[in-house]
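[1] Can you look at this prediction? I've put the sequence above it.
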Amino acid sequence: MTHKESEPVLSVRDLRIGIGKQNAILHGVSFDILPGETYGLVGESGSGKSITGLSVMGLLKRPLQVTGGSILFRGQELLTLNSRARRRLRGDRMAMVFQEPMTALNPLATVGRQIAEMFVIHRGLRWSQARTKAVEALENVRVPSPEERARSYPHQLSGGMRQRVMIAMALACRPDLLIADEPTTALDVTVQAGVLELIAELSQAEGTAVLLVSHDLGVIANMCRRVGVMDQGRLVEEQDTRALFERPLHPYTRGLLAARPRLGSRTLAQRGRLTELDEVVSSDERGRDQPTLVTPRVFSGATP
Amino acid sequence: MKAGGTGVPVAPAFNLVFGERQPSRMMRFILRRTLQMIPTLLVVVLIIFVIFSVVPGSFISSLMSEGRNATNADVMAHLNQQFGLDKPLLVRLWDYLWGLAHFDLGISYRTREPVWNVIEPRLWPSIKLALAAMFFAALVGIPLGFVAALKPGSVIDTGTMMVAISGLSLPEFWFGLLLMYVFALQLGWLPSFGYNADSFQHLILPAIALGVSPMALLARTTRAGVLDVMNADFVRTARAKGVSEPRLVRSHVARNVLVLVLTTLGLQVGSLMGQAIVIEKLFSWPGIGSLLVDSVAARDIPVVQGAVIVIVLWFLVINMLVDVAYAAVDPRIKVT
């Protein structure tokens, strides 16, 4: 496990996912994430952001399968790794936070036990020791009265609190990579900021790289230094976040930015509806053979 | 479950039973459910009364069919008077309910014994058979369902479900006969029929014959439950945590499936006593079911009523226990 600080934690190359060999869903996606970096993947529903995250974790469900490309994690090829070795990495070296905190926790186990399970599996602790660690983990995500909360069942907690539990669980073993798949989408706006802040703070403190998957450009703008824009299974643009907002290169990105609702915007008031992605070429023309526009201006080593 | 929930007014009836001490939520639940059984029983009694006043034939006409000379008008009138059959239906109903309120099930027409004395010796064999059948059904059906669901589409899955479908569609009495033929007549391993209070061997064949249909149902319910739970978000979370598949099934899936299976299990145990009629007759099992058949044939209405009440009570009690078990397994469910 020798990896230099400058080497990417995660290096996805020409990743292809399909239903069998014929029906491609992801048409060759490449990106890198550096240690401690928060990388955003943005795009509308069905653009392939989530399955990219799931394939890194090795959690793709049949009939979806990786049909080509490579996923290097700390220099190690994941796609050729056996399932046992991949399972050992999951939760320990790479962790994931899901969109729905309401259903993502086992309803019949206390949250303390669910966090403690991480220490039992990956650290070989006994349950009694693991429980103590679980309470610490809850304390780290600033859950009030963690001792008591550890004995609570998921249904006894609010959505925001459950997502904090998910984060505590994901970060329990101090992973190198955290994949956050729409972590705040299901939450109240007032709770969103707190959860995002927590992810940012903890990942910075531990030097955890974060792959943040979101359709929310506001969330991406606040959290990420670099962002990749996905559309129909391709990474159509990759930029420094600030540059992306100032000079979007791909027409799809321009459309996506224009579609953001803005408070008090005159155009919005006049038209009474959100902007459609009218600048974007039709989906027929956005077909498979079109080259994807990726601008590796920030991380030049990223392209193969 | 907190003892004596806050803010819930406790009815005076509860105070009467428990005194000043506040009963636990569970105790209040059980007490209330017990009280709720009374209207159900009333409806059951009413239905039986109406049915037996409508169907042709009476205890006396059934005596005649046995070749006993009761055609004499005087004898008939005497018998009718003796059994109170000359009174109007409503009066008889009231008398019966009045007795029931005093835990008196009446007197059997046939044996002239109190009905309870007729039913009581049949009770334990019936309960034993129902529980043994359910034990067999759960022991075989639930693991079969798990095995099938964990390899969906495999040979094991297809085979198991074929067995389950066969189990559901087999006529019980035919399957019972088959068991008798193979294990009693051909192999001679087990007694073919009869009851022996001390012998476990007599229980095996009737329990399997009675349990095969709930076994098949449980296998199917479990399979569906496992497939359902395996698709749940929290299972994906557990996989993302690096939980191994055996551990996943053991500590995340199994309990969630149990909650789903518990409903089927409860309903089956509850209805097994009533379903056992055919099997009890076939295996000469001295249970409530065979008593019921004999008593209906003889129009021994007090015993029929007693037997039906026992079967209904069993169903209600089992259902209440299932609800209590729910609360024990699933923290989201509170008995209130």
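    Okay, I see it. Numbering: from 1, shown residues only, chains lettered A, B, ... in the order given.
[2] What parts of chain B come near chain A?
    B:232-234, B:236-244, B:247, B:251-252, B:255-256, B:259, B:329-332 (CB under 8 Å from any CB of the partner chain). Every C-beta, even on glycine, is put in place using the N, C-alpha and C of the backbone.
[3] what's the spacing between the longest helix along chain A and its chain's center?
    Secondary structure of chain A per DSSP state H: the longest helix is helix A:189-206. Offset of helix A:189-206 from its chain centre (CA atoms, centre = their mean, to the nearest Å): 13 Å.
[4] and the residue of chain B nearest chain A?
    B:Gly242 (3.4 Å; CB to the nearest CB).
[5] okay but B:Ile107 is in contact with B:Val115, surely?
    Yes - between B:Ile107 and B:Val115 a contact is recorded at 6.8 Å, counting by CB atoms under 8 Å.
[6] sorry, back to before: show me the contacts for the nearest residue to the residue of chain B closest to chain A once chain neighbours are set aside.
    Residue nearest to B:Gly242 in three dimensions, not counting chain neighbours: A:Gly91, with 3.4 Å by CB to CB, 6 or more residues apart in numbering or on different chains. Applying CB atoms under 8 Å, 6 or more residues apart in numbering or on different chains to A:Gly91 gives the contacts A:Met118, A:Ile121, A:His122, A:Cys173, A:Pro175, B:Ala240, B:Lys241, B:Gly242, B:Val243.
[7] which residues of the stretch 201-304 of chain A score low on pLDDT?
    A:261-304 (pLDDT under 70).
[8] mind listing the helices in it by residue range?
    A:217-223, A:241-246, A:251-258, A:266-271 (DSSP state H, counting those that start in this stretch).
[9] Which one, of the ones you listed, ends up nearest to chain B?
    helix A:217-223 (20.5 Å).
[10] thinking again about what came up before, isn't the residue of chain B closest to chain A right next to A:Ser83, touching?
    No - applying CB under 8 Å as the test, B:Gly242 and A:Ser83 come out as separate, 11.2 Å apart.
[11] Compare the two (neighbour count), which wins?
    B:Gly242 (23 against 10; other CB atoms under 10 Å in any protein chain shown).
[12] who does the helix or strand containing B:Thr221 touch, helix- and strand-wise?
    Here B:Thr221, judged by DSSP states H and E, is contained in helix B:201-230. With contacts defined as 3 or more CB pairs under 8 Å, 6 or more residues apart in numbering or on different chains; DSSP states H and E, helix B:201-230 has these neighbours: helix B:115-150, helix B:155-169, helix B:172-179, helix B:254-275, helix B:277-282.
[13] tell me the angle of that helix relative to helix B:172-179?
    120 degrees (axes from the mean of the first three to the mean of the last three CA atoms, to 10 degrees).
[14] Averaged pLDDT, helix B:201-230. What do you get?
    For helix B:201-230, mean pLDDT is 88.
[15] Could I get the helices and strands packed on helix B:201-230 in a markdown table, plus columns for mean pLDDT and mean neighbour count?
    Below are the helices and strands packed on helix B:201-230 laid out as a markdown table (pLDDT from 0 to 100; neighbours: other CB atoms under 10 Å in any protein chain shown):
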| stretch | mean pLDDT | mean neighbour count |
| --- | --- | --- |
| helix B:115-150 | 89 | 20 |
| helix B:155-169 | 85 | 15 |
| helix B:172-179 | 82 | 16 |
| helix B:254-275 | 85 | 20 |
| helix B:277-282 | 85 | 21 |
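[16] Looking at those helices, which is nearest to A:Val227?
    helix B:254-275 (38.1 Å; CB to CB).
[17] Wait, A:Leu10 touches A:Phe73, no?
    Yes - between A:Leu10 and A:Phe73 a contact is recorded at 5.7 Å, counting by CB under 8 Å.
[18] ok, what's across the strand from whatever residue of the stretch 201-304 of chain A ends up closest to chain B?
    As assessed by CB to the nearest CB, chain B sits closest to A:Leu211 within the stretch 201-304 of chain A, at 13.2 Å. As for beta bridges, A:Leu211 partners with A:Tyr39, A:Ile179 under DSSP bridges.
[19] any idea how far A:Gly233 is from it?
    Noted for A:Leu211: a distance of 17 Å to A:Gly233, by CB to CB, to the nearest Å.
[20] When these two are compared, which one has more neighbours?
    A:Leu211 (28 against 23).
[21] coming back round to it: of the residues of chain B next to chain A, just the buried ones, PyMOL syntax please.
    Selecting only the buried entries of the residues of chain B next to chain A in PyMOL, with 16 or more other CB atoms under 10 Å in any protein chain shown as the criterion:
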select buried, chain B and resi 232+233+234+236+237+238+239+240+241+242+243+247+251+252+255+256+259+330+331
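[22] residues near A:Ala221, how many?
    16.
[23] Give me the distance between it and A:Gly75.
    For A:Ala221, the distance to A:Gly75 - CB to CB - is 31 Å.
[24] what kind of secondary structure is A:Asn152 in?
    Quick fix: residue A:152 reads Ser, not Asn. At A:Ser152, secondary structure determined by DSSP: H, G, I helix; E, B strand; the rest coil is coil.
[25] Return the residues in contact with the closest residue to it other than its chain neighbours.
    Of all residues not flanking A:Ser152 in the chain, A:Val111 sits nearest, at 5.9 Å (CB to CB, 6+ apart). Shown in contact with A:Val111 (CB under 8 Å, 6+ apart): A:Leu105, A:Leu138, A:Arg149, A:Ala150, A:Ser152, A:Tyr153, A:Pro154, A:Leu157, A:Arg162, A:Val165.
[26] Now A:Glu139: which helix or strand?
    Per DSSP H and E, A:Glu139 falls inside helix A:127-140.
[27] ok, and for that helix, which residues are buried?
    A:Ala130, A:Arg131, A:Lys133, A:Ala134, A:Val135, A:Ala137, A:Leu138, A:Glu139, A:Asn140.
[28] contacting residues around the fifth one?
    Going by CB under 8 Å, 6+ apart, A:Val135 touches A:Gly112, A:Pro146, A:Glu147, A:Ala150.
[29] Put the buried members of these into a PyMOL selection.
    Selecting only the buried entries of the contacts of A:Val135 in PyMOL, with 16+ other CB under 10 Å as the criterion:
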select buried, chain A and resi 112+146+150
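[30] residues from chain A in reach of chain B?
    A:57, A:59, A:87-92, A:95-96, A:98, A:100, A:103-109, A:117-118, A:121-122, A:153, A:155, A:166, A:169-170.
[31] So which of these sit within strands?
    Secondary structure defined by DSSP state E assigns A:Ala95, A:Met96 of the residues of chain A next to chain B to strands.
[32] which among the residues of chain A next to chain B end up buried?
    A:57, A:59, A:87-92, A:95-96, A:98, A:100, A:103-109, A:117-118, A:121-122, A:153, A:166, A:169-170.
[33] Next, give phi and psi for the residue of the stretch 51-200 of chain A found nearest chain B.
    The nearest approach of the stretch 51-200 of chain A to chain B comes at A:Gly91, 3.4 Å away (CB to the nearest CB). Main-chain dihedrals, A:Gly91, degrees, to the nearest 10: phi 80, psi -40.
[34] With the one 10 residues further on instead?
    For A:Pro101, the backbone dihedrals are phi -70, psi -20 (criterion: degrees, to the nearest 10).
[35] do A:Asn106 as well
    According to degrees, to the nearest 10, A:Asn106 has phi -60, psi 120.
[36] and the gap between the nearest residue to A:Arg151 once chain neighbours are set aside and B:Arg255?
    Spatial nearest neighbour of A:Arg151, chain neighbours left out: A:Thr110 (5.5 Å); criterion: CB to CB, 6+ apart. Distance of A:Thr110 to B:Arg255, given as CB to CB: 13 Å.
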